[in-house]
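>>> Quick one, structure for this:
(chains A and B)
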Amino acid sequence: MADNTAFPQVDLEHVFYPKSVAVLGTNRVAGTVPHDIFANILKDNFQGIVYPVSPKERSVAGVRAYKYVVDIPDPVDLAILVFPSTVCNLALEQCGQKGVKSAIIISAGFREIGPAGVKREEEIKEIAKKYNISFIGPNCLGVINTDPLSRLNASFARKMPQEGSIAFLSQSGALCTAVLDYAQAKHIGFSKFVSFGNKASISEIDLMRYLKNDPKTKVILIYLEEITDGAGLMNTAREIITETGKPVLILKSGRTREGAAAAASHTGSLAGSDEVCDAAFKQAGIIRCTTIEEMFNSAIALAYQPVPQGKRVAIITNAGGPGVLATDATIAQHLELAKFSAETTEIYKKTLPATANIKNPVDVIGDARADRYRVALGSALADPGVDGVFVILTPQSMTDIENIAREVCATIGKYNKPGYASFMGEQDVAVGINILQQQSIPHYILPESMCRAYASALFFREHRDQTVEQQTEFSGIDKPKAVKVIQDALAAGRKYLPEEESDIVLNAFGLPMLPSGLAHSSDEARKMAEDIGFPVVMKVVSDDIIHKFDVKGVLLDIRSAEAAGDAYDTILRNIAAAKPDAKIKGILIQKMVTRGEEVILGVKRDPSFGAVIMFGLGGLFVEVFKDVSFRVAPVGPRAAGGMIREIRAYSMLAGARGKKPRDIKSVEEAIQRLSLLALELPEIKELDINPLIVNDEGSGCYVADARIML
Amino acid sequence: MDKSEIKSRVEKVTALVLKVDPKDISPTANFAFDLGADSMQSIELIAAYEEEFNISMDEQKAREVQTVEGAVEFIAGYVK
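Got it, this is the predicted structure:
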């Protein structure tokens, strides 16, 4: 784990724009990593000075070599280590003595190979700390900077990519080479390209902070296998998106449900690491991609075209079928087919053939040539009711693919609205696709990909334009009271807070509780029930019983004092039969709320992101349909509202089928209070409020049952 | 066989396999860092030592040896 608190503010200027580079451990054997790294720096026209450091060679590729980095007479800005991992410590030590402050450690054989490698990695971290060296890697492909001021290819990739405005950061070196090849074929250029390997020193967060201020970078793409600092990642991404307007796209691999198996609560079992990751990324405005292709599909839309201002799209096509496909995809992505103005419709009537379809999608029909595309596309882009345009071409025998491609590029370029293209096919359309790609018009083989990319761009715009959410300040919070309950439980070796203790904790943070009391005899139960008011619920309270219904420890709808007394005895008998060893603290008598919607709120401590809040409708909705939403704490009013509206069953709360709407505002407040509780009480590992009863609008909500795990 | 003989033969074999000047081989020289041995050459060295001394070494342990003097000590453990 990159312990960035141990390293000072990371200066990456010498990583990307070094005036001098030393390659330590290089040799003359072409086709080996040590050789090819050095050769790449030379071959790709690095603008600084490069020194080979080789124990036994007098020169490498015609350049005078030094035996040790300390022998180099001039300052060295950046050291690239390609020695075997077993001696990287010696090399880094010498770098430190030389005064080198930045390094890239290409060598494998560290943490990724097991305990021996972990030890080696810790050793180089110590050396780096001693000399204040920041390094990328180890176990990485290297770094590429396409800026003509640098032209640094400090990697063993086959070739330098073309210059562009997309930055790519990857935790996998092998993936980098595949991505470079893929991008090359699609004429996609990069500003900076970094394989950061084991991130023992410089992490993706450090690199993101650098790219935030890099004038050459417009879009940031990241491939991640593990998230070590989820909060840092979210905050940095949010900062970049809102302060600089640069989109952040992440492909996070490993979508398995780890950590859910052993959870004791609903929240714990539902909040798998991938669901939390999804929620966290969405919350931060990060575009989460599921494939490399999807990532680049979105990236080129964001890098090459203006960000869409709305969801109204016009589709221009020379074939009906693909137009329908595009329409379906548009609706599936929650976009809208734009309605053309009278003026646009009039232009189409006058200029397009009678057989053309002039409503959206506009079908310019199969024999359309460049001029018809020009009119259709230009009029759509000029229409104030259109936010973006999709252009589709299928290769008919008379289709002038090259000229149409040129016309599409020229016309889209005249307007400050996004235009994307889909020249469907592969072989015949290749010449047109090439022209589109050379002119930075985003191209997609399929209309569905085009729509998805547009939707991503819209998602980005919505988050970019959001103001920073202020957290609600709540008064009357009694944190010490909650802390005492927790500390007492921990001191007694308990990991579970039974209901009456959970209620104290929740009440201390202002969550609305139902009137209740703990009875220790049937007489007490009768009197308490009468004081609270009927009907009541009666539940066993015991540190040894977590799932009360399973042991018949709950009786509902008690409507008289006598019934309360009988219920007390019945519950005790049930427990004696089901769990005779359980130590009973008492029977909780609680006001029963008969009307209202049941919802579930929860907290789970995620290893990467910290406290995660869950919301969902209760009962079947959570147990069978798993219709829940998540947010990473802190959760403010906007996020709380968002997570309620996000669930599929939201209409049950909003008022469906003639039912009155429920008090959603009170739930929003409960979520925010719970978020504050989760942040203030780190001892809480998992928490379920199940159910929270939500009354009609204006009548609040109440915690009916809660469970806290420490 | 005494250590000085082992040392001189180790140096001879090392110079041959790594193609370095014997003058550059000091007892504390690290095979990779000071003498430029890559991973293939490390394996070749082990084989060459085994042939020179007519011994069979534990390869995993042999690969952990990093310096010339370390190799001398290690081989001394095998040579009678």
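>>> for chain B, which spans come out with low pLDDT?
B:80 (pLDDT under 70).
>>> do the same with chain A
For chain A (pLDDT under 70), the answer is A:1-9, A:255-266, A:268-272.
>>> Return the residues of it in contact with chain B.
A:25, A:27, A:29, A:32, A:34, A:54-57, A:83-84, A:86-87, A:90-91 (CB under 8 Å from any CB of the partner chain). The C-beta positions use only the backbone N, C-alpha and C, and glycine is treated the same way.
>>> Mind checking which of the residues you listed are buried?
Neighbour-count burial (16 or more other CB atoms under 10 Å in any protein chain shown) is assigned, among these, to A:25, A:27, A:32, A:34, A:54-57, A:83-84, A:86-87, A:90-91.
>>> Those into JSON lines, with extra columns for distance to A:Asp44 and secondary structure?
Below are these laid out as JSON lines (distance: CB to CB, whole Å; DSSP: H, G, I helix; E, B strand; the rest coil):
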{"residue": "A:Gly25", "distance to A:Asp44": "20", "secondary structure": "coil"}
{"residue": "A:Asn27", "distance to A:Asp44": "19", "secondary structure": "coil"}
{"residue": "A:Thr32", "distance to A:Asp44": "18", "secondary structure": "coil"}
{"residue": "A:Pro34", "distance to A:Asp44": "17", "secondary structure": "helix"}
{"residue": "A:Ser54", "distance to A:Asp44": "20", "secondary structure": "coil"}
{"residue": "A:Pro55", "distance to A:Asp44": "25", "secondary structure": "coil"}
{"residue": "A:Lys56", "distance to A:Asp44": "26", "secondary structure": "coil"}
{"residue": "A:Glu57", "distance to A:Asp44": "21", "secondary structure": "coil"}
{"residue": "A:Phe83", "distance to A:Asp44": "22", "secondary structure": "coil"}
{"residue": "A:Pro84", "distance to A:Asp44": "25", "secondary structure": "coil"}
{"residue": "A:Thr86", "distance to A:Asp44": "30", "secondary structure": "helix"}
{"residue": "A:Val87", "distance to A:Asp44": "27", "secondary structure": "helix"}
{"residue": "A:Leu90", "distance to A:Asp44": "29", "secondary structure": "helix"}
{"residue": "A:Ala91", "distance to A:Asp44": "24", "secondary structure": "helix"}
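>>> ok, so of those, who is nearest B:Ile43?
Checking those against B:Ile43 by CB to CB gives A:Pro84 as the nearest, at 12.2 Å.
>>> how many other residues sit next to A:Ile41?
25 (other CB atoms under 10 Å in any protein chain shown).
>>> does it sit in a helix or strand, and which one?
Using DSSP states H and E, A:Ile41 falls within helix A:33-43.
>>> How about that helix, which residues are buried there?
So, applying 16+ other CB under 10 Å, buried residues of helix A:33-43: A:Val33, A:Pro34, A:His35, A:Asp36, A:Ile37, A:Phe38, A:Ala39, A:Asn40, A:Ile41, A:Leu42.
>>> how about the nearest residue to the residue nearest the centre of chain A, chain neighbours excluded?
The centre of chain A sits closest to A:Phe281, judged by CA atoms, centre = their mean, with a distance of 2.3 Å. Leaving aside its sequence neighbours, A:Phe281 sits nearest to A:Arg288 (CB to CB, 6 or more residues apart in numbering or on different chains; 4.4 Å).
>>> And A:Asp387, by the same measure?
A:Asp387 sits nearest to A:Gly310 (CB to CB, 6+ apart), 3.8 Å away.
>>> what does A:Asn235 give?
Using CB to CB, 6+ apart, the nearest residue to A:Asn235 is A:Ala284, at 7.6 Å.
>>> on that earlier part again, I'd like to know how far the residue nearest to the centre of chain A sits from A:Glu225.
15 Å (CB to CB, to the nearest Å).
>>> same thing with A:Lys101?
Taking CB to CB, one finds A:Lys101 at 28 Å from A:Glu225.
>>> thinking again about what came up before, can you list the buried ones among the residues of chain A next to chain B in a markdown table and add distance to B:Ala76?
As requested, those are exported to a markdown table (distance: CB to CB, whole Å):
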| residue | distance to B:Ala76 |
| --- | --- |
| A:Gly25 | 29 |
| A:Asn27 | 31 |
| A:Thr32 | 33 |
| A:Pro34 | 32 |
| A:Ser54 | 31 |
| A:Pro55 | 25 |
| A:Lys56 | 26 |
| A:Glu57 | 32 |
| A:Phe83 | 27 |
| A:Pro84 | 25 |
| A:Thr86 | 22 |
| A:Val87 | 23 |
| A:Leu90 | 24 |
| A:Ala91 | 29 |
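>>> just these now: which is nearest A:Ala174?
Of these, the one sitting nearest to A:Ala174 (CB to CB) turns out to be A:Thr32, at 17.0 Å.
>>> Contact partners for that closest one?
Contacts here follow CB atoms under 8 Å, 6 or more residues apart in numbering or on different chains; on that basis A:Thr32 touches B:Asp38.
>>> Can you give me the neighbour number for A:Thr345?
15.
>>> Tell me the buried residues in the helix or strand harbouring it?
A:Thr345 is part of helix A:342-351 when elements are defined by DSSP H and E. Using 16+ other CB under 10 Å as the test for burial, helix A:342-351 gives A:Thr344, A:Ile347, A:Tyr348, A:Thr351.
>>> Mind putting those into a markdown table with distance to A:Ala368?
Supplementary listing: these in a markdown table, determined by distance: CB to CB, whole Å:
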| residue | distance to A:Ala368 |
| --- | --- |
| A:Thr344 | 17 |
| A:Ile347 | 15 |
| A:Tyr348 | 13 |
| A:Thr351 | 12 |
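>>> Please tell me how far A:Gly565 sits from A:Ala529.
A:Gly565 is 8 Å from A:Ala529, by CB to CB.
>>> now A:Lys484
29 Å.
>>> next one: A:Lys216
For A:Lys216, the distance to A:Ala529 (CB to CB) stands at 72 Å.
>>> which one of those two has more residues nearby?
A:Ala529 (29 against 20).
>>> Out of the buried ones among the residues of chain A next to chain B, which is nearest to A:Arg573?
Comparing these against A:Arg573 with CB to CB picks out A:Thr86 as the nearest, at 70.2 Å.
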